[in-house]
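[1] After the sequence you'll find the predicted model.
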Amino acid sequence: MDVLGPLPMTARGNQYILVMSDHFTKWVEAVPMPNQRAETVAKAFVNEVVTRHGVPSKLLTDQGRNFEADLMKQVFSLLGVRKLRTSPYHPQTDGQVERMNRTLKGILTAYVNKDHNDWDDHLPLALFAYRNSVHSSSGVSPFQAIYGREATTPLVLMNTETEVKEQFISNYCDELEKTLKDVHRSIKTNIDVAQSKQKKGYDEHNDVDRSTALKEGDRVWLNNKAVPKGLSRKFHSPWTGPYVVIERLGKVNYHIKPGPGNGKTRVVHRNRLKLDIRQPRIEETLSVDQPEKHNSRVELLPGEPVIHHGERLADAQLLPAEELIQLRRSNRNRRQPDRYQDYNLDELEIEDALN
């Protein structure tokens, strides 16, 4: 379930559309609304979905304020609906209804007037067209998935002869049940095949392997696209934090909390997190007994004294320039700038070191 809008206000005062889609049959309900307040959404949900299709067992929404309001929580609790949430700023979690929003806008765009303020007049026919179109994943139309037959349209009545067939109600119910079972079995098979292809395509472009997976205790930065009020989006840095990973939920979601203190925890998608490479893991601490590691190989210039770790400058041994050159890692040829051709730099550097 999602809210589409704001759209141009119509003569009836509508500016939003409450879009609800069934994940199995692909059936869609779209209700025009004047606003997106929690009480308006709750009323549209009960009057247009519950009274027509019954109470759903699960309902997936984003984390908008209208869906997270106490009123909506009470409605879902009274009806026994299990409320599921998408991760913030990750609409792909509810991709089916997001895709439906684009489809619905495309259909309405072809029929609205030049002022775009009569879209609610065309909404019922737009839904009828979608419900009678074969879905690419299920292989049947949403209408057939619900009723077990294709919708009867004026075009069908004009091209076919109407046959009146006497049939007992019990026989009709048995045939309808068998038809629906066959249709639903076919839908499940087609959806499984489509999901396998979609998963393969997603994994090829969004591979979350062990190298990118985060572990408990990792310090991370969170990409927050919301710009605080009064600040410019052009100068706003989207990375906030650091946060600490509490646990991994599934393959791509993580439960995180603010690094310092006990702030509010949240669940976010992996693509919004970036590992903080500047800091060690929380549980890792430096041991006082651990010896410090130093690079014993020092790159020196000709004429410079060789100073080992812990040795004072006064105790350093001054080596000839020929021997120092052999300590260098690079074998490329070096020459002094032309402006210093009249000076012997090696002698000057040795003399400065001795003084």
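    Alright, I've got the coordinates.

[2] After the longest helix seen in the chain, which helix or strand is next?
    In the chain, with assignment by DSSP state H, the single longest helix is helix 169-205. Next along the chain after helix 169-205, taking DSSP states H and E as the criterion, comes strand 219-223.

[3] Compute the number of surrounding residues for residue 33.
    Per other CB atoms under 10 Å, the neighbour tally for residue 33 reads 20. (Glycine included, C-beta is placed from N, CA and C.)

[4] do residue 102 as well
    Other residues close to residue 102 by other CB under 10 Å number 10.

[5] Next, it: secondary structure please.
    Under DSSP: H, G, I helix; E, B strand; the rest coil, residue 102 falls in the helix class.

[6] Begin at 4, not 1, for the rest of this chat.
    Will do, 4 is the new start, and the previous item becomes residue 105.

[7] dump the residue contacts of it.
    Residues in contact with residue 105 (CB atoms under 8 Å, 6 or more residues apart in numbering): none are found.

[8] measure stretch 271-281 end to end?
    One end of stretch 271-281 sits 22 Å from the other (CA to CA, to the nearest Å).

[9] The residue found closest to residue 114 once you drop the neighbours it is linked to in the chain: which element?
    Computed as CB to CB, 6 or more residues apart in numbering, the closest residue to residue 114 that is not its neighbour in sequence is residue 125, at 4.4 Å. Secondary structure from DSSP H and E places residue 125 in helix 122-134.

[10] now do residue 98
    Per DSSP H and E: helix 98-112 holds residue 98.

[11] In that helix, which residues are buried?
    Residues 100, 101, 103, 104, 107, 110, 111 are the ones in helix 98-112 that count as buried (16 or more other CB atoms under 10 Å).

[12] hang on, residue 135 packs against residue 143?
    No - contact criterion CB atoms under 8 Å: residue 135 and residue 143 do not qualify, at 10.5 Å.

[13] neighbour count winner among the two?
    residue 143 (19 against 14).

[14] just to revisit the earlier point, looking at the buried residues of helix 98-112, which is nearest residue 236?
    In terms of CB to CB, no member of the buried residues of helix 98-112 lies closer to residue 236 than residue 101, at 22.7 Å.

[15] just checking, the closest one touches residue 5?
    Yes - counting by CB under 8 Å, residue 5 is a contact partner of residue 101 at 6.8 Å.

[16] Check the average confidence over the longest helix of the chain, would you?
    Throughout helix 172-208, pLDDT has a mean value of 76.

[17] which helices and strands sit right next to the biggest strand by length in the chain?
    Using DSSP state E to define each element, the chain has its longest strand at strand 242-252. Contacts defined by 3 or more CB pairs under 8 Å, 6 or more residues apart in numbering; DSSP states H and E place strand 242-252 against strand 222-226, strand 256-261.

[18] Need the contact partners of the longest one.
    Looking back up the chat, that one is strand 256-261. 90, 217, 223, 225, 244, 246-252, 266-273, 276.

[19] Quick one: buried ones out of those?
    Buried, going by 16+ other CB under 10 Å: 90, 217, 223, 225, 244, 246-248, 251, 269-273, 276, out of the contacts of strand 256-261.

[20] what would the buried residues of helix 98-112 look like in CSV with distance to residue 193?
    Listed next are these as CSV, based on distance: CB to CB, whole Å:
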residue, distance to residue 193
100, 20
101, 21
103, 18
104, 23
107, 23
110, 23
111, 28
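
[21] For those residues, could you give me CSV that also reports pLDDT?
    Formatted as CSV, the buried residues of helix 98-112 follow (pLDDT from 0 to 100):
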residue, pLDDT
100, 81
101, 83
103, 86
104, 88
107, 90
110, 90
111, 92
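
[22] So what's the residue count around the residue nearest to residue 114?
    Neighbours around residue 125, by other CB under 10 Å: 17.

[23] measure it to residue 204 for me?
    34 Å (CB to CB, to the nearest Å).

[24] same check, this time on residue 272
    With CB to CB as the criterion, residue 272 and residue 204 are 18 Å apart.

[25] do residue 281 as well
    Counting by CB to CB, the gap from residue 281 to residue 204 is 35 Å.

[26] Quick one: mean pLDDT over stretch 280-298.
    Per-residue scores along stretch 280-298 average to 51.

[27] And stretch 251-270, by the same measure?
    Summarised as a single mean, pLDDT over stretch 251-270 is 83.

[28] which residue packs closest to residue 42, ignoring adjacent ones?
    residue 74 (6.0 Å).

[29] Contact partners for that neighbour?
    41, 42, 45.

[30] quick one: low-confidence parts of the protein?
    Where the chain drops to pLDDT under 70, the residues are 91-97, 159-170, 201-202, 205-214, 264-265, 282-358.

[31] and it, what are its domains?
    5-137, 221-278 (the TED database).

[32] Output the ones you listed in CSV; the columns should cover distance to residue 199.
    Listed next are the domains of the chain as CSV, based on distance: least, CB to CB, whole Å:
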stretch, distance to residue 199
domain 5-137, 16
domain 221-278, 16
